[in-house]
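*Asks:* Need a 3D model of the following:
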Amino acid sequence: MMRWLGIGCLVVLLAGCELVGDDEAAPREAETALPMDLVVDAVQSSLRQVELRLNNYGRRGEERTDSWHRADDAMLRVGTQEMRFTLPEAVQPLGPFRLLYYVQDVRAAPERITVAPDTAAGAELVAVTLPFEQEGAEFKGRCLSETIFGTRSCLGSTDDAAPDLEWDGPALRIVLRPVVYQAGLSLEAVRVDANGAVQAGGVCALRLGGHDLDVCDRVSGYRDEIRSVIEEQVLTELRRDDVQARIAAETRPLLDALGIGQVVGLRVVGGELVVQHLPAV
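*Replies:* Down below sits the predicted model:
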């Protein structure tokens, strides 16, 4: 019986009948060019709810003797997902003295976030600048001295001998790259840079017990240390699947309005993002 069915099909083909294959029945791919400005608007909307707080300053002796360090008190929240991490304590010895510096309640200002196309390495990227609020001193200083009677304050005070310092123009610069995510359009974090300069209103030179110290120079090194922690933690968080899904959800209404269904590929041509896709159903 199977043999006769095969011969029957052959007769039909010889008679000039056409059989429609799976490839012909499948919808054809299309391409739609999106101005990067539209992508930028979608990114800016999705990141408005980002929360970032940097702090490792607590009560003296809270976790260990003769320290004001507080662990696990830096926080990044994107949507409903929150991640906490620890910023290091800065300890600078100076003879019998010990300077300690901490990051004190530095918060991002998402209402002032800016997003713009950024061309780099031949690819179209999106650069996000997330500034921090500047209220008071960002780096809190404390000073301790070692004496024959044990650990004491410096020159009668743990606070006055170590000037607080300001982080001038603190901001995160986040570079994003358009990617296909679950048949939609998302943006993957490529790089995170923490920017800004440390200053103390011109009062950086400190002299304790015949020892000279450029506090701003020392804390600049500390800033570089915590900067690497911030950059690594924020980059890791922004690459999470739930964050990618949030950005994809923000760009979907734009794709729907343009008749873009399942996204299958992306490429950049000039200042436009060319989306390869199936038609919207």
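*Asks:* Next one: Pro93 relative to Glu146, how far apart?
*Replies:* 9 Å (Cβ to Cβ, to the nearest Å). In short, each C-beta sits where N, CA and C put it, glycine included.
*Asks:* and what of Leu100?
*Replies:* Distance from Leu100 to Glu146, by Cβ to Cβ: 13 Å.
*Asks:* Tyr101 too?
*Replies:* In this view, Tyr101 and Glu146 are 18 Å apart by Cβ to Cβ.
*Asks:* more crowded one of the two?
*Replies:* Taking other Cβ atoms under 10 Å, Tyr101 and Glu146 do not tie; Tyr101 has more neighbours (26 against 14).
*Asks:* Check which helix or strand that one maps to.
*Replies:* Tyr101 belongs to strand 97-103 when elements are defined using DSSP states H and E.
*Asks:* what residue ranges in this structure score low on pLDDT?
*Replies:* 1-26, 119-124, 199-204, 206, 208-209, 211, 213, 218 (pLDDT under 70).
*Asks:* tell me, which helix in it spans the most residues?
*Replies:* Longest helix in the chain, counting residues (DSSP state H): helix 215-238.
*Asks:* same for that one, what does it pack against?
*Replies:* strand 51-54, strand 74-78, strand 81-85, strand 90-94, strand 97-103, strand 139-147, strand 166-181, strand 184-199 (3 or more Cβ pairs under 8 Å, 6 or more residues apart in numbering; DSSP states H and E).
*Asks:* Of those strands, which is nearest Gly271?
*Replies:* strand 166-181 (12.8 Å; Cβ to Cβ).
*Asks:* Only the buried residues of that closest one, if you could.
*Replies:* 166-167, 170-178, 180-181 (16 or more other Cβ atoms under 10 Å).
*Asks:* Most widely separated two among those residues?
*Replies:* Counting by Cβ to Cβ, the most remote pair of those is Glu166 and Val180, 43.0 Å apart.
*Asks:* okay, the helices and strands packed on helix 215-238, which one's buried deepest?
*Replies:* Ranked by mean neighbour count under mean count of other Cβ atoms under 10 Å, the helices and strands packed on helix 215-238 are led by strand 97-103, which reaches a mean of 23.
*Asks:* The residue nearest to Glu272 when sequence neighbours are not counted: neighbouring residues, count only.
*Replies:* Using Cβ to Cβ, 6 or more residues apart in numbering and skipping the chain neighbours, the partner closest in space to Glu272 is Ala33 (4.3 Å). As a burial measure, Ala33 scores 12 neighbours (other Cβ under 10 Å).
*Asks:* in which helix or strand would I find the closest residue to Gln182 other than its chain neighbours?
*Replies:* Of all residues not flanking Gln182 in the chain, Ala248 sits nearest, at 6.4 Å (Cβ to Cβ, 6+ apart). Here Ala248, judged by DSSP H and E, is contained in helix 241-257.
*Asks:* Give me the distance from that helix to the chain's centre.
*Replies:* 18 Å (Cα atoms, centre = their mean, to the nearest Å).
*Asks:* next structured bit after it?
*Replies:* As assigned by DSSP H and E, the chain's next helix or strand after helix 241-257 is strand 260-269.
*Asks:* need the contact list for the spatially most central residue of the chain.
*Replies:* Nearest to the geometric centre of the chain sits Val234, at 4.0 Å (Cα atoms, centre = their mean). Contact analysis of Val234 by Cβ atoms under 8 Å, 6 or more residues apart in numbering lists 52, 76, 172, 174, 189, 192.
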